[in-house]
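1. Take a look and give me a structure for this.
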Amino acid sequence: KPNNISIVDYALTPDSAVGPNRTRTVIAAFFLSIGLGLGLALFFEYLDDTVHATEEVERVLHLPALAVIPSVGSATRRRVFPGMSKTTAMQKHSNGNGNGNSELLMNVDGRSPLAEAYRHLRTSVLLSTAGRAPKSLLVTSSLPGEGKTTTAVNTAISLAQTGATVVIIDADMRRPRLQAIFNMQGQEGLSSILSSDISEGDMLAMIREDQESGLKVLTSGPIPPNPAELLGSDQMRRLIATLQANYTHVVVDSPPVSSFTDGVLISTMVDGVLLVVHGGKSSRHIVRRSKQLLSDVGAKIFGVVLNNVNLQSHDYYYYQSYYGQKYYEKEA
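-> As a prediction, this is how the structure comes out:
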């Protein structure tokens, strides 16, 4: 029928879809995911209370980081059996965390990152006191499994490689390990000396030598029911004084200070303390408490050894490049 409707313009078919705007949606989702990822990463970083880098050691503990010990080797658990030879036992010796992450210093390449790290630690120890190198040194940690025994043994080996006479004492009479590491059978040891009034000659007679490393070793002896009372006695002070008079360096391996008081007692008898911290595992709160326990008794803490560190981390790019084998390579 006739009407008043007229066509002003004809509609055109669009070349592309009007909506949804996929480009804008993708860009918005991209920036939103980046924001959520950054927030989640910062949240996880806030929850992580472990010590990772040397900067954290110096900031949290106000102590120098003497060395960074790299994590190397396989992931097999270390087991020392009674019939295992000394060389096999040493080669299976781990960084202390039970994962077989390193070997003893005498069994690794002299140009390896592990050997360079312990040379660095040796230099730091020798220069830690003014006027002379320290005669006696305590190696301890906050918790078990941080690698204090391996650090103590390798530090003693590196000191012995300079031509010095070094004796290492297994003062961990709760969980002794030096006897298994060096495959030294026998019952007499530190507990035998501390539980009796013997002469200095008899003390020195109980020390045995490991032919391969050149170390003098004093094992823990029979496990006593009261290790803390023995280690805090005057006989222990007399023993350390006797060893300092007959050897260039005395290295003592003790139990963790946050779990037992043994290490705190020994720290008052030696020239200084090395506090071993497991990188990426040790809690800042526990390490700070261990440092406070040692400081409360007047112990001199030389510094912190950051142990079992992954050099592939961006925090240790310098160590990775410096300790690398390429440094030693020569052009043809």
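
2. Excluding sequence neighbours, find me the nearest residue to Ser267.
-> Nearest residue to Ser267 in three dimensions, chain neighbours excluded: Ala299, at 3.6 Å (C-beta to C-beta, 6 or more residues apart in numbering). C-beta: built from backbone N, CA, C; applies to glycine.

3. Could you report the neighbour count for that neighbour?
-> By other C-beta atoms under 10 Å, 23 other residues sit near Ala299.

4. OK, contacts around it?
-> Taking C-beta atoms under 8 Å, 6 or more residues apart in numbering, we find Ala299 in contact with 138, 264, 267-268, 272-273.

5. For these, which entry has the maximal number of neighbours?
-> Leu138 (32 neighbours).

6. Give the other helices and strands that the top strand by length along the chain contacts.
-> Scanning the chain for the strand with the most residues, using DSSP state E, yields strand 301-309. With contacts taken as 3 or more C-beta pairs under 8 Å, 6 or more residues apart in numbering; DSSP states H and E, strand 301-309 sits against helix 54-61, strand 65-70, helix 113-126, helix 148-160, strand 272-278, helix 284-296.

7. before we move on, the earlier item: taking the contacts of Ala299, tell me the two that lie furthest apart.
-> Val264 and Gly272 (14.2 Å; C-beta to C-beta).

8. Dump the helices and strands packed on strand 301-309 to TSV, plus distance to Ala41.
-> Formatted as TSV, the helices and strands packed on strand 301-309 follow (distance: least, C-beta to C-beta, whole Å):
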stretch	distance to Ala41
helix 54-61	17
strand 65-70	24
helix 113-126	29
helix 148-160	32
strand 272-278	23
helix 284-296	19
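
9. Could I get the ones you listed in TSV, plus columns for distance to Thr13 and mean pLDDT?
-> Below are the helices and strands packed on strand 301-309 laid out as TSV (distance: least, C-beta to C-beta, whole Å; pLDDT from 0 to 100):
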stretch	distance to Thr13	mean pLDDT
helix 54-61	65	83
strand 65-70	68	88
helix 113-126	69	89
helix 148-160	78	91
strand 272-278	70	92
helix 284-296	67	90
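
10. out of the ones you listed, which comes closest to Thr242?
-> Closest among those, once you apply C-beta to C-beta, is helix 148-160, at 17.7 Å.

11. Give the buried residues for that closest one.
-> 148-160 (16 or more other C-beta atoms under 10 Å).

12. and that helix with strand 272-278, angle?
-> 130 degrees (axes from the mean of the first three to the mean of the last three C-alpha atoms, to 10 degrees).

13. Can you show me the CA trace of helix 148-160 as CSV?
-> C-alpha atoms of helix 148-160 as CSV (Å, rounded to 0.1, in the frame of the first residue of the first chain):
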residue,chain,number,x,y,z
LYS,A,148,79.5,-29.5,57.6
THR,A,149,81.4,-32.8,57.8
THR,A,150,82.3,-32.6,54.1
THR,A,151,83.3,-29.0,54.5
ALA,A,152,85.4,-29.7,57.5
VAL,A,153,87.2,-32.6,55.8
ASN,A,154,87.8,-30.8,52.5
THR,A,155,89.0,-27.6,54.4
ALA,A,156,91.4,-29.8,56.3
ILE,A,157,92.7,-31.4,53.1
SER,A,158,93.1,-28.0,51.4
LEU,A,159,95.1,-26.8,54.4
ALA,A,160,97.3,-29.9,54.3
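
14. how about low-confidence regions in the stretch 201-332 of the chain?
-> 311-332 (pLDDT under 70).

15. please redo it, this time with the cut-off set to 50
-> Residue ranges of the stretch 201-332 of the chain with pLDDT under 50: 314, 331-332.
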